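Student: The following block contains a protein sequence and its predicted model.
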Amino acid sequence: MSGDRAIAFVHGIGGPCGLDAWLAPLDASLAGLRMPGIGPCDCIEIDYLSALQQGRVSDDPGHAWRRESPREQAQAWQDYLIRREAFAALIEGPRKRETAFRLGQVHAAVSDSVPSLLPIVNRYLTHAASRHAVWETVLAQLPRSGRIVIVAHSLGSIVMLDLLTRLPEGLQVDLLLTIGSPIGIGVFRRHLAQLARPGDFPAERVGVWVNAYDPDDIVTAGRGAAQHFPAALDAPITTGFSHEISAYMAQPVVAAAVATAIFGPPSAPAERTPAPRLHASWSHVLLRFAYLHDLWRTWPTDKWSERGRMDTARRVLAERVMAEARQQRARFAEQVQALPPQLRSHPLADADARWFAPGRMPSAEALVRDAASLCAGEFTDDDLVLAGVDLLLSAPFAPFGIEIDQDRGITALVALLESVRPGAAPGSSAQIAAAIGASVDDARKTLGGRGIPWAPLLIGAGVLVLAGTGIGLAAAIPAGMAGAAAVTATLAAFGPGGMAGGVATLAVLTGTSTALASAGLARSGDQQEDVDRLQGDMATEIARMPVADFRTAIAGVLAVHDARRRLGQGADAAAVERTLLGMEATVLAEASLHGAIAPKSDAARQWRARARIIERSLAWSARAMPEETTDARAEVSRTIESGESPRALPRSG
């Protein structure tokens with residue numbers, strides 16, 4: 001343990017129990033995580049119970065923490081949220097999702113009455129001079145400076161939360177770990193109400209606050225802290241209905257939190273060979289993070305609060321992408337181990353070739369800081385039109401609701417294109433961004449309608465969540481696979497997370513050849529039938545999505561085609577027409593069926609809304625490309641009338 005960092009253990013109403021009661025279960029759990037034990041060195045057990053029992057009184061020791069300027073407070077809070085997100089990924093472990101007795105649903109009047117039945121607790125809450133004596137006693141036992149980890153149990157957690165703004169100025173709390181805290185009970189929430197406001201939480205002096213609780217622990221009333229205290233990171237665990245210190249200290253999540261604060265994050269395994277280039281599946285994720293960086297960089301500097309929120313959002317998103325990569329790697333390893341031994345040497349079972357291999361992916365910091373340089377020169381202008389439409393139609397910081405008006409988005413898009421396009425590429429980045437922006441705007445106007453929100457472009461949509469396999473069409477779509485399975489498997493070729501879902505979808509629906517080829521979806525030879533089938537499957541699946549997602553997807557298709565036409569890129573009108581007609585076949589059939597069976601139902605209304613959207617899009621198509629669409633429309637009408645499947649629509653030319 002570092003000599004300048006101490007660990008303080010703060011008891012509940014049971015009083016001090018000796019360091020061994022804290023350390024023995026903690027060290028045993030640390031051993032299970034292959035971490036060294038803590039030992040008694042630099043450990044303090046705080047005793048405040050005697051001050052309450054003896055009726056001591058004192059004055060408020062006063063606040064040692066002073067609020068900074070609003071700008072500094074906002075920055076400190078955003079930095080804290082980033083630290084908390086990174087810490088959450090490091091201590092991720094078993095979490096209890098259900099509770100047998102659902103104590104969290106206990107009526108507030110019942111849980112609020114508990115403190116009044118405990119004289120020690122009641123005295124602390126209602127008698128200020130006694131409470132001040134407790135604070136004075138605790139402060140006398142803490143170091144005046146340095147770094148500290150605080151583990152506080154039950155009532156001790158309330159005491160330490162009270163003291164956060166009263167700790168010595170030179171003392172930095174790397175981790176506040178509250179265990180079995182009653183903070184979810186109304187009387188304690190009201191007592192600590194000030195900490196519910198981010199501006200009143202000393203974010204720059206606390207590394208992270210983790211609240212471990214068992215939903216079946218009656219003292220917690222089955223409630224965590226995060227719902228009411230935004231600084232808290234809740235960690236639901238299972239103690240076996242116990243409130244004992246030993247039951248909490250034996251928990252892996254508790255041990256992981258202490259170990260991370262004391263020893264730092266676990267080291268990455270040493271690479272056996274020099275790191276190769278990043279896996280190609282990261283390209284579109286890097287492009288999105290480069291766009292987020294340019295949004296932040298080009299935002300007006302006087303709007304520091306908005307810029308701060310953007311910076312926080314992109315850093316949190318980077319941590320989440322990295323956490324997903326680690327989870328995918330672990331799941332893949334489990335799947336490989338479950339294979340018969342003779343299949344474990346198959347190339348598809350090679351984890352080192354996947355996008356989540358340690359040497360094939362960027363770091364979270366690289367996503368935030370170096371994304372543009374890491375993907376520069378990787379895209380054609382065809383690719384960038386797809387990506388540009390996706391970026392302008394999407395909520396760029398999803399799932400965080402930071403709204404970006406289109407002018408700001410185009411400004412950032414120009415900056416992005418200038419940084420990632422090859423130096424010799426024809427045309428100016430400003431012209432390309434302007435064409436994309438105008439096409440997106442026209443598509444929105446074409447499909448506009450009251451009562452339907454604009455959804456992010458297929459990010460997070462269930463059928464389009466990427467499977468993370470990183471393989472192309474030949475392996476992803478075996479003979480006979482269709483529908484959602486084909487869509488999901490194919491989108492896996494576009495990399496981690498849902499971030500590339502919009503680009504992948506637009507590539508298929510608009511028949512953009514370079515983007516299809518980059519995912520292994522070559523449009524020639526025997527695979528052409530597979531590509532056509534995939535396009536039909538995807539059109540059918542999207543037709544069944546929620547109306548907002550459906551409309552956004554069609555807007556993306558129209559915008560890509562229009563932007564490519566404006567830029568002279570040779571738009572594939574037939575592919576767009578096949579997509580729209582394939583959707584129309586599904587939508588009209590379902591609208592008719594629902595209208596006949598339950599015409600006043602919400603489902604029927606949703607299908608009628610989809611039908612109106614399709615009608616507008618086909619009207620736009622007829623105006624924009626009249627000659628190219630005639631043959632395709634005649635053929636799809638023939639197939640529908642003959643009862644054949646409209647999925648594999650014919651190709652013109």
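Tutor: Received the coordinates, thanks. Numbers count the residues shown, from 1 in each chain.

Student: which element is Leu176 on?
Tutor: strand 170-179 (DSSP states H and E).

Student: Spatially nearest residue to Asp27 (excluding sequence neighbours)?
Tutor: Excluding the flanking residues, the one nearest Asp27 by C-beta to C-beta, 6 or more residues apart in numbering is Gly37, at 3.6 Å. C-beta coordinates here come from the backbone N, C-alpha and C atoms, glycine included.

Student: I'd assumed Ser29 was in contact with the one you found.
Tutor: No - counting by C-beta atoms under 8 Å, Gly37 does not reach Ser29; the two are 9.8 Å apart.

Student: Neighbour count: these two, which is higher?
Tutor: Counting neighbours by other C-beta atoms under 10 Å for Gly37 and for Ser29 shows that Ser29 has the greater number, 21 against 15.

Student: Quick check: beta-bridge partners of Trp209?
Tutor: Leu176, Ala232 (DSSP bridges).

Student: who touches it in this structure?
Tutor: Applying C-beta atoms under 8 Å, 6 or more residues apart in numbering to Trp209 gives the contacts 84, 175-178, 229, 231-233.

Student: Of these, which is the nearest to Leu167?
Tutor: Using C-beta to C-beta, Leu176 comes nearest to Leu167 of the contacts of Trp209, at 10.4 Å.

Student: Could you pull up the residues touching the closest one?
Tutor: So Leu176 contacts 150, 152, 160-161, 164, 206, 208-210 (C-beta under 8 Å, 6+ apart).

Student: again, only this time at 10 Å
Tutor: By C-beta atoms under 10 Å, 6 or more residues apart in numbering, the residues touching Leu176 are 148-152, 157, 160-161, 164, 206-211, 231-232, 261.

Student: okay, it: pLDDT?
Tutor: On pLDDT, Leu176 comes in at 97.

Student: Check the one 10 residues further on too.
Tutor: The score at Gly186 is 88. That number is its pLDDT.

Student: and it, how far is that from Arg123?
Tutor: Using C-beta to C-beta, to the nearest Å, one obtains 19 Å as the distance from Gly186 to Arg123.

Student: what residues are up against Ile404?
Tutor: Ile404 is in contact with 295, 299, 310, 391-392, 394-397, 412, counting by C-beta under 10 Å, 6+ apart.

Student: Tell me where the stretch 1-150 of the chain has strands.
Tutor: 5-10, 43-46, 145-153 (DSSP state E, counting those that start in this stretch).

Student: just to revisit the earlier point, and the furthest pair within the contacts of Ile404?
Tutor: Longest span within the contacts of Ile404, C-beta to C-beta: Trp299 and Ser394, 17.4 Å.

Student: higher neighbour count, the two?
Tutor: More neighbours surround Ser394 than the other of Trp299 and Ser394, with 25 against 18 (other C-beta under 10 Å).

Student: is it true that that one touches Gly556?
Tutor: Yes - with contacts counted by C-beta atoms under 10 Å, Ser394 reaches Gly556, the gap being 9.2 Å.

Student: mind checking how far Arg329 is from Thr165?
Tutor: Arg329 is 41 Å from Thr165, where distance means C-beta to C-beta.

Student: same thing with Leu278?
Tutor: In this view, Leu278 and Thr165 are 44 Å apart by C-beta to C-beta.

Student: Next: Ala338.
Tutor: 52 Å.

Student: Ala357 too?
Tutor: As judged by C-beta to C-beta, Ala357 and Thr165 stand 45 Å apart.

Student: Trp77 now?
Tutor: From Trp77 to Thr165 the distance is 15 Å (C-beta to C-beta).

Student: Check which element follows the host helix or strand of Ala553 along the chain.
Tutor: Using DSSP H and E, the element containing Ala553 is helix 547-566. Once the chain leaves helix 547-566, the next helix or strand it forms, by DSSP H and E, is helix 573-597.

Student: tell me which residues in that following helix are buried?
Tutor: For helix 573-597, the neighbour count (16 or more other C-beta atoms under 10 Å) marks 573-588, 590-591, 594-595 as buried.

Student: Is the nearest residue to Phe241 once chain neighbours are set aside part of a helix or strand, or is it coil?
Tutor: Spatial nearest neighbour of Phe241, chain neighbours left out: Asp216 (5.0 Å); criterion: C-beta to C-beta, 6+ apart. What DSSP: H, G, I helix; E, B strand; the rest coil gives for Asp216 is coil.

Student: what about Asp216, neighbour count?
Tutor: Neighbour count of Asp216, defined by other C-beta under 10 Å: 22.

Student: Let me know the pLDDT of it.
Tutor: Value for Asp216, per-residue pLDDT: 87.

Student: ok, now Val465?
Tutor: For Val465, the model assigns a pLDDT of 27.

Student: before we move on, what about Pro236?
Tutor: pLDDT at Pro236 comes out at 90.

Student: hang on, it packs against Ala225?
Tutor: No - with contacts defined as C-beta under 10 Å, Pro236 does not count as touching Ala225, sitting 11.2 Å away.

Student: hey, what's in contact with both of these two?
Tutor: 211, 213.

Student: Next, the buried residues of stretch 294-308.
Tutor: Buried-residue list, stretch 294-308, by 16+ other C-beta under 10 Å: 294-296, 298-299, 307-308.

Student: If we only consider the residues you listed, which is nearest to Arg612?
Tutor: Leu295 (32.9 Å).

Student: Look up how far Arg307 lies from the closest one.
Tutor: 9 Å.

Student: related to what we said a few turns ago, ok, which pair from the contacts of Trp209 is furthest apart?
Tutor: It's Leu175 and Phe229 that sit farthest apart of the contacts of Trp209, by C-beta to C-beta, at 15.9 Å.

Student: Could I get the pLDDT score of Arg533?
Tutor: We have a pLDDT of 68 for Arg533.

Student: Could you pull out the buried residues of stretch 183-203?
Tutor: For stretch 183-203, by 16+ other C-beta under 10 Å, it's 183-185, 187-189, 191-192, 195-196, 198, 200-203.

Student: Quick check: nearest residue in space to Ser373, chain neighbours excluded?
Tutor: Nearest non-adjacent residue to Ser373, counting by C-beta to C-beta, 6+ apart: Ser419, 7.8 Å away.

Student: Tell me how many other residues surround that neighbour.
Tutor: 17.

Student: can you pull up the bridge partners for the residue nearest to Leu142 when sequence neighbours are not counted?
Tutor: Of all residues not flanking Leu142 in the chain, Ala8 sits nearest, at 6.3 Å (C-beta to C-beta, 6+ apart). Bridge pairing for Ala8 (DSSP bridges) gives the partners Ile44, Ile150.

Student: mind checking how far Ala8 is from Trp135?
Tutor: Using C-beta to C-beta, we find Ala8 at a distance of 14 Å from Trp135.

Student: before we move on, what about Val316?
Tutor: For Val316 relative to Trp135 (C-beta to C-beta), the value is 34 Å.

Student: quick one: low-confidence ranges for the stretch 101-250 of the chain?
Tutor: Confidence mapping of the stretch 101-250 of the chain against pLDDT under 70 gives the ranges 101-117.

Student: Contact partners for the closest residue to Ala349 other than its chain neighbours?
Tutor: Distance criterion C-beta to C-beta, 6+ apart; nearest residue to Ala349, sequence neighbours excluded, is Val336 at 4.9 Å. Residues in contact with Val336 (C-beta under 10 Å, 6+ apart) are 343-344, 346, 348-351.
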